[in-house]
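A.B. asks: Sequence and predicted structure are below.
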Amino acid sequence: MGIVLKKYKEKSDGCIFAIPLFLPDWTIREGDELINYGSYQWNPNDTYAFARLIETDRSNADIVEIFSYAGSVPEYPDVIIKSSRLFYPVQIVMHHTKKRWPIVFIDAEYDKVRDSEYGQFGFLLMSQLRIGGEYREIGMAEANRLRAEGTYPAAVIHSPTQLENEVRKVLAENGFEYDYQADALSHLDQLPKPREKNASFNKKIAPFRLVDLDGVWSICLDAGDYKQDMMKQKGLLGNGYDWEKIAQSFIEANMPEIFEALSFDSEAGMFSVQSKNKAHLKRFAEVFKAACERGT
């Protein structure tokens with residue numbers, strides 16, 4: 001194995017990606033999650049976290065594990081692997097199709113069961129458990145019990161920008177000293193520029209935003225700031241789950257014909273509603289934003 005960065009174009013189970021900690025998030029540059037970084041010249045001496053691809057899933061989301069080591073690209077992968085996991089394995093899309101996370105090591109002898117304890121972790125999706133490459137029907141009661149106990153997390157599909165934010169947060173909690181704002185701004189002029197796709201619409205619906213996740217569209221909102229007074233009046237905290245409840249009730253009451261075409265994937269810090277039908281989402285976002293501004 002050796003440092004690759006650009007040579008290998010195809011991902012494979014066991015390959016290790018560098019997670020550039022200096023790439024812009026939504027607060028620094030709008031639309032960065034849509035950029036293809038395939039032509040960018042990565043510098044091994046920049047600051048990265050690292051993830052290993054446990055399982056490729058071409059029909060859904062890949063499973064990756066993120067390690068505790070952060071810094072420049074080491075000469076050998078053992079430095080990364082022996083640092084242990086930063087947190088529980090996660091499901092992710094767009095990390096490779098947008099070339100946002102460059103491959104740094106390839107391991108032709110990787111065995112996901114031996115090397116990543118594949119089959120000992122899983123994800124809950126309604127009444128199913130995804131574990132060991134299979135979806136097992138376990139029933140809602142058992143799924144709720146496992147969820148309450150924290151045995152398995154929900155089958156949340158992350159974007160790279162979401163994970164980058166989480167990685168930076170957990171690394172900081174673990175004592176890793178890194179000035180993200182300064183490093184991101186110092187790289188900004190060197191990085192590929194975002195397309196203006198959806199920029200005018202996103203300005204119209206701000207602080208909501210329309211995001212393209214490889215053909216699945218999403219309306220997102222970073223929870224915690226927007227319309228907090230309205231939330232308090234309703235006796236709610238204003239987190240992503242509260243926004244989801246309000247949005248679901250609004251759709252059922254005002255545009256029930258599109259409800260079945262939508263799926264919700266919110267977290268505490270972010271409201272998210274997704275659909276393959278962009279027109280439905282745009283219509284919802286415009287009408288819902290107007291209702292929020294009216295306070296209804």
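C.D. replies: Received it, and whenever you're ready, just let me know what you need.

A.B. asks: Could you pull up the mean pLDDT of the longest strand along the chain?
C.D. replies: Taking DSSP state E as the criterion, the chain has its longest strand at strand 62-71. The pLDDT scores in strand 62-71 average 95.

A.B. asks: Any chance you could list what contacts the helix or strand following it?
C.D. replies: Using DSSP states H and E, the helix or strand that follows strand 62-71 in sequence is helix 78-81. Helix 78-81 is contacted by residues 16, 50, 52, 67, 69, 74, 105 when judged by CB atoms under 8 Å, 6 or more residues apart in numbering. Where you see a C-beta, it was placed from the backbone N, CA and C, and this is true even at glycine.

A.B. asks: So what touches the longest strand of the chain?
C.D. replies: Contacts for strand 62-71 (CB under 8 Å, 6+ apart): 11, 17, 19, 21, 47-57, 79-81, 83-87, 89-93, 95-96, 116, 163, 167, 171, 174, 176, 178.

A.B. asks: then it to PDB, C-alphas only?
C.D. replies: Extracted in PDB, the C-alpha atoms of strand 62-71 (Å, rounded to 0.1, in the frame of the first residue of the first chain):
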ATOM      1  CA  ASP A  62     -21.600   3.000   1.500                       C
ATOM      2  CA  ILE A  63     -20.600   2.100   5.000                       C
ATOM      3  CA  VAL A  64     -17.400   3.700   6.300                       C
ATOM      4  CA  GLU A  65     -15.500   3.800   9.600                       C
ATOM      5  CA  ILE A  66     -13.800   7.100  10.600                       C
ATOM      6  CA  PHE A  67     -10.600   6.900  12.600                       C
ATOM      7  CA  SER A  68      -9.200   9.000  15.500                       C
ATOM      8  CA  TYR A  69      -6.000  10.000  13.800                       C
ATOM      9  CA  ALA A  70      -6.000  13.500  12.200                       C
ATOM     10  CA  GLY A  71      -3.200  15.500  10.500                       C
END
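
A.B. asks: Break the protein into its domains for me.
C.D. replies: Domain assignment for the chain by automatic domain parsing gives 16-187, 199-294.

A.B. asks: Now distance to residue 193 too, for these, in CSV please.
C.D. replies: Below are the domains of the chain laid out as CSV (distance: least, CB to CB, whole Å):
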stretch, distance to residue 193
domain 16-187, 8
domain 199-294, 12
